[in-house]
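test case, fold it:
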Amino acid sequence: MRDAPAYGEARTVLRGIVRLAHELGLAVCAEGVETRAEMTAALAAGCNSAQGTLLASPARPAELERWCAERGWRLASVAKGVRARRARTPVTAG
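Numbering: from 1, shown residues only. Predicted structure coming up:
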């Protein structure tokens with residue numbers, strides 16, 4: 001994601017990757033989103049989701065469990081969703 005906000009060619013490549021993934025029925029997660037400009041570029045390109053330090057810092061398992069519990073989520077259900085998404089072989093842009 002680093003160059004996407006600043007360079008037109010990088011934005012064009014990002015949009016092309018996202019479009020191809022969507023045409024194949026895949027979801028796209030922008031990885032490495034560290035700035036608002038990168039998030040804006042990811043959203044403009046049509047990414048389905050994003051991850052990176054702009055959104056959350058890396059967490060230890062106990063911290064993740066506590067974070068999920070505060071939102072009424074069970075970690076097992078989160079892990080199940082991750083396995084389901086992996087089975088669809090998601091494409092990442094970033």
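
ranges for the helices of the chain?
Using DSSP state H, the helices found in the chain span residues 8-23, 36-45, 61-70, 75-87.

just say which of these is most tucked in.
Ranked by mean neighbour count, the helices of the chain are led by helix 36-45 with a mean of 18 (mean count of other C-beta atoms under 10 Å). Glycine gets a C-beta too; all of them are placed from N, C-alpha and C.

rewinding a little: include mean pLDDT when you put the helices of the chain into JSON lines, please.
JSON lines is the format used below for the helices of the chain (pLDDT from 0 to 100):
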{"stretch": "helix 8-23", "mean pLDDT": "92"}
{"stretch": "helix 36-45", "mean pLDDT": "93"}
{"stretch": "helix 61-70", "mean pLDDT": "84"}
{"stretch": "helix 75-87", "mean pLDDT": "52"}
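
nearest to L54, out of those helices?
helix 36-45 (5.9 Å; C-beta to C-beta).

which residue is the nearest non-sequential neighbour of C29?
In this structure, C29 finds its nearest non-sequential neighbour in S49, 4.6 Å apart by C-beta to C-beta, 6 or more residues apart in numbering.

can you redo the helices of the chain as JSON lines with distance to T53?
Below are these laid out as JSON lines (distance: least, C-beta to C-beta, whole Å):
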{"stretch": "helix 8-23", "distance to T53": "19"}
{"stretch": "helix 36-45", "distance to T53": "10"}
{"stretch": "helix 61-70", "distance to T53": "15"}
{"stretch": "helix 75-87", "distance to T53": "19"}
